[in-house]
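Engineer: sequence and predicted structure, then a few things I'm wondering about:
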Amino acid sequence: MCDLTNQEAYDYYHEVTESCAKDYWLQFLKDRANRGVVEAQGFVDKIEFCK
């Protein structure tokens with residue numbers, strides 16, 4: 001399992017500028033949410049709400 005936290009992935013999403021990089025981090029969080037990682041869905045919701 002990855003040591004990266006949901007918050008770090010969320011921060012990386014906002015740091016990158018290329019759309020493919022943003023897509024990568026959003027998908028990373030979605031995959032975590034689908035696996036039931038605690039609080040991951042909240043970060044996905046925050047990103048998708050602000051799109």
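Structural biologist: That came in fine, so what should we check first? Residues are numbered from 1 along each chain as shown.

Engineer: ok, residue 17 to residue 25 distance?
Structural biologist: Look at residue 17 and residue 25: by CB to CB, to the nearest Å, they are 12 Å apart. Just so you know, the C-beta spots here come from the backbone N, C-alpha and C atoms, and that holds for glycine as well.

Engineer: more neighbours, these two?
Structural biologist: Legend: neighbour count by other CB atoms under 10 Å for residue 17 and residue 25, higher for residue 25 (20 against 7).

Engineer: pLDDT value on that one, please?
Structural biologist: Looking at residue 25, its pLDDT stands at 97.

Engineer: what stretches of this protein score poorly on pLDDT?
Structural biologist: Along the chain, the model assigns pLDDT under 70 to residues 1-2.

Engineer: middle-most residue in it, spatially?
Structural biologist: residue 29 (3.4 Å; CA atoms, centre = their mean).

Engineer: residue ranges of the helices in the protein, please?
Structural biologist: 6-15, 19-34, 40-50 (DSSP state H).
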